[in-house]
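Trainee: how does the following fold in three dimensions:
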Amino acid sequence: MAGRWERLPRPLRPPATLTGSGMPRLVSPWVAVLFAGASLALVPWVALLSAVLPSRVLAANWRVIWVGFDLMLLVTLGTTAIRIFRRSPKIVLPATAAGTLLVCDAWFDVLAAASGTERVVAVLVAVALELPLAAACFRVAYVVGDLFEQARPHLIAAGFTLKGRRLIPPGRADPAGPLGQPTAD
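Mentor: Model prediction:
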């Protein structure tokens with residue numbers, strides 16, 4: 001079974017912990033089908049937009065667009081910082097969101113800048129600040145996600161099971177008491 005995965009290019013291979021038998025699914029395969037379908041549906045949409053959109057347009061609410069976007073950056077970067085300080089494994093989502101927003105910010109800043117000095121400044125900010133910070137965000141998310149991916153088979157081998165979104169220790173039906181609070185041992 002593992003042999004067929006090895007023929008794929010490394011970035012397309014599923015993690016080794018997910019190709020073995022007996023591993024419970026955390027997400028239904030239908031969710032992957034939904035995302036693949038959405039991705040494929042965007043191909044003709046992007047082609048249509050490329051053909052019909054004007055190359056220049058006056059945007060309404062320009063100030064609101066950029067202030068709102070930077071507020072989203074503020075929230076995701078702040079949440080990422082808080083989760084780092086708290087050593088929270090829930091850092092993966094805000095770090096990934098922050099990295100994605102930073103890449104988008106660099107893209108739009110460079111492409112929306114007027115030529116000349118404004119474009120040079122946008123490129124310098126993207127290369128020196130936004131893209132390296134995005135890479136750091138993605139690295140943090142990858143490291144934490146990879147750690148849990150590595151731990152998963154060991155937890156299963158030790159007898160832990162999954163019930164819904166809860167990790168159940170061996171020999172326990174449910175680790176939570178009546179109000180979702182951990183029971184006293």
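
Trainee: and W30, how far is that from W62?
Mentor: Distance of W30 to W62, computed by C-beta to C-beta, to the nearest Å: 40 Å. In short, each C-beta sits where N, CA and C put it, glycine included.

Trainee: no, scratch that, I was asking about A151
Mentor: The value you get for A151 to W62, if C-beta to C-beta is used, is 47 Å.

Trainee: helices or strands up against the longest helix along the chain?
Mentor: For the chain, the longest helix by residue count, based on DSSP state H, is helix 131-157. Applying 3 or more C-beta pairs under 8 Å, 6 or more residues apart in numbering; DSSP states H and E, one finds that helix 131-157 contacts helix 16-19, helix 62-85, helix 92-112.

Trainee: could you say which of the ones you listed is packed most deeply?
Mentor: Among these, helix 92-112 has the highest mean neighbour count (mean count of other C-beta atoms under 10 Å), at a mean of 19.

Trainee: helix or strand right after it?
Mentor: helix 117-125 (DSSP states H and E).

Trainee: that following helix - contacts with which helices or strands?
Mentor: helix 92-112.

Trainee: next secondary structure after the lowest-mean-pLDDT helix or strand in the chain?
Mentor: Counting by mean pLDDT, DSSP states H and E, the chain has its least confident helix or strand at helix 16-19, which shows a mean of 51. Going down the chain from helix 16-19, the next helix or strand is helix 29-52, by DSSP H and E.

Trainee: in PDB, list the C-alpha atoms belonging to that next one.
Mentor: Taking C-alpha atoms only, helix 29-52 is exported to PDB below (Å, rounded to 0.1, in the frame of the first residue of the first chain):
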ATOM      1  CA  PRO A  29     -13.300  12.000   2.500                       C
ATOM      2  CA  TRP A  30     -16.400  13.800   1.200                       C
ATOM      3  CA  VAL A  31     -14.900  17.000   2.600                       C
ATOM      4  CA  ALA A  32     -11.900  16.500   0.300                       C
ATOM      5  CA  VAL A  33     -14.200  15.900  -2.600                       C
ATOM      6  CA  LEU A  34     -16.000  19.200  -1.800                       C
ATOM      7  CA  PHE A  35     -12.700  21.100  -1.700                       C
ATOM      8  CA  ALA A  36     -11.500  19.500  -4.900                       C
ATOM      9  CA  GLY A  37     -14.800  20.300  -6.700                       C
ATOM     10  CA  ALA A  38     -14.600  23.900  -5.500                       C
ATOM     11  CA  SER A  39     -11.000  24.100  -6.700                       C
ATOM     12  CA  LEU A  40     -11.900  22.700 -10.200                       C
ATOM     13  CA  ALA A  41     -15.000  25.000 -10.400                       C
ATOM     14  CA  LEU A  42     -12.600  28.000 -10.000                       C
ATOM     15  CA  VAL A  43     -10.700  27.100 -13.200                       C
ATOM     16  CA  PRO A  44     -13.400  28.400 -15.700                       C
ATOM     17  CA  TRP A  45     -14.300  31.200 -13.300                       C
ATOM     18  CA  VAL A  46     -10.700  32.500 -13.300                       C
ATOM     19  CA  ALA A  47     -10.600  32.200 -17.100                       C
ATOM     20  CA  LEU A  48     -13.800  34.200 -17.400                       C
ATOM     21  CA  LEU A  49     -12.500  36.900 -15.000                       C
ATOM     22  CA  SER A  50      -9.300  37.100 -16.900                       C
ATOM     23  CA  ALA A  51     -11.200  37.700 -20.200                       C
ATOM     24  CA  VAL A  52     -13.800  40.200 -19.000                       C
END
